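*Asks:* using only what follows, build the 3D model:
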Amino acid sequence: MNISDNSRNIRNCLQLFVNIVYSHDVNRPTSETRTKSDGNSTQSGHHWSLPFILGPLRMEEDKEKSLICTFDCCFHQLALRYAASNVKFRDLIAETAREGVEQKFKSMNDEIQIDSAYH
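*Replies:* Okay, the predicted model is just below:
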């Protein structure tokens, strides 16, 4: 199915699956150290670039055979390794995928907000 066939089902989607997958075809994550000063103190941290590819919307059956809107969000394998050992990085991947899906819906002239508590 293509997106135009699925668009009539989008408004009926009460659930959304986002599968996090990996491929070596996606660029590796990179980071740079940044320093922030507020006058009283200085903090440094990492600023990440996290490339991903978001697949097209498709309908997939859940355990009860209901159709669910589904996306695959593909990162480099190294990003998933980082996520497995670092909760903050896992949250960054979940947030990146969530924002990607929201942007995809927006590009299809349909806006959604995904609760960030679910991941």
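
*Asks:* tell me the contacts of residue 37?
*Replies:* By CB atoms under 8 Å, 6 or more residues apart in numbering, the residues touching residue 37 are residue 43. Placement of C-beta: from N, CA and C, glycine included.

*Asks:* run through the bridge partners of it.
*Replies:* Counting by DSSP bridges, residue 37 forms beta bridges with residue 42.

*Asks:* wait, residue 30 sits on residue 76?
*Replies:* No: Residue 30 lies out of contact with residue 76 (CB atoms under 8 Å); the separation is 10.1 Å.

*Asks:* which one of those two has more residues nearby?
*Replies:* Remark: of residue 30 and residue 76, residue 76 carries more neighbours, 20 against 11, as counted by other CB atoms under 10 Å.

*Asks:* just the helices in the protein please.
*Replies:* Taking DSSP state H, the helices of the chain run over residues 3-10, 77-85, 87-107.

*Asks:* of all those helices, which one is nearest residue 38?
*Replies:* helix 87-107 (21.5 Å; CB to CB).

*Asks:* and residue 95, how far is that from residue 66?
*Replies:* Separation of residue 95 from residue 66 (CB to CB, to the nearest Å): 27 Å.
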